[in-house]
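K.L.:
what's the 3D shape of this:
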Amino acid sequence: MSPKEKSKELVDKYYNRVNSFIDHHMAKQCALIAVDELIRLESDFDNYYPQHKFWQQVKIEIENL
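P.N.:
Reported below is the predicted structural model:
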C-alpha cells in the first residue's frame, strides 16, 4: 500500500466511525495524531524500523488531503 493510499484509509476509518460527531477536518487531525505517535515510537528506536520513512510520507499525504 502506498503512503497516499494509507493516508486516505486512515482518515476514512476515523471519519466513518465517528462521522456523526466530527467532520472530515477533525478526522484528518485524529489520523495525524495516530501517525505522529507511530513516528515518535519508531524514533525511540533510532529509526531502526524501515517503515519510519513510510509513516513520514503518510503524514504528508494526510496533510495534503
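
K.L.:
helices and strands around whichever strand or helix holds Arg17, which ones?
P.N.:
Using DSSP states H and E, Arg17 sits within helix 3-18. The elements that helix 3-18 packs onto, with contact taken as 3 or more C-beta pairs under 8 Å, 6 or more residues apart in numbering; DSSP states H and E, are helix 24-43, helix 52-64. Yep, even glycine has a C-beta here, placed from its N, CA and C like the rest.

K.L.:
Go through the ones you listed and name the closest to Lys6.
P.N.:
Lys6 lies closest, by C-beta to C-beta, to one member of those: helix 52-64, at 4.9 Å.

K.L.:
Turn the helices and strands packed on helix 3-18 into TSV, columns for mean pLDDT and mean neighbour count.
P.N.:
Output for the helices and strands packed on helix 3-18, formatted as TSV (pLDDT from 0 to 100; neighbours: other C-beta atoms under 10 Å):
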stretch	mean pLDDT	mean neighbour count
helix 24-43	89	16
helix 52-64	91	17
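
K.L.:
mind putting those in TSV, distance to Met1 included?
P.N.:
Converted to TSV, those look like this (distance: least, C-beta to C-beta, whole Å):
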stretch	distance to Met1
helix 24-43	14
helix 52-64	9
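
K.L.:
hang on, the earlier thing: quick one: mean pLDDT over the helix holding Arg17.
P.N.:
Helix 3-18 carries an average pLDDT of 91.

K.L.:
between it and helix 24-43, how big is the angle?
P.N.:
Orientation of helix 3-18 against helix 24-43 (axes from the mean of the first three to the mean of the last three C-alpha atoms, to 10 degrees) gives an angle of 120 degrees.
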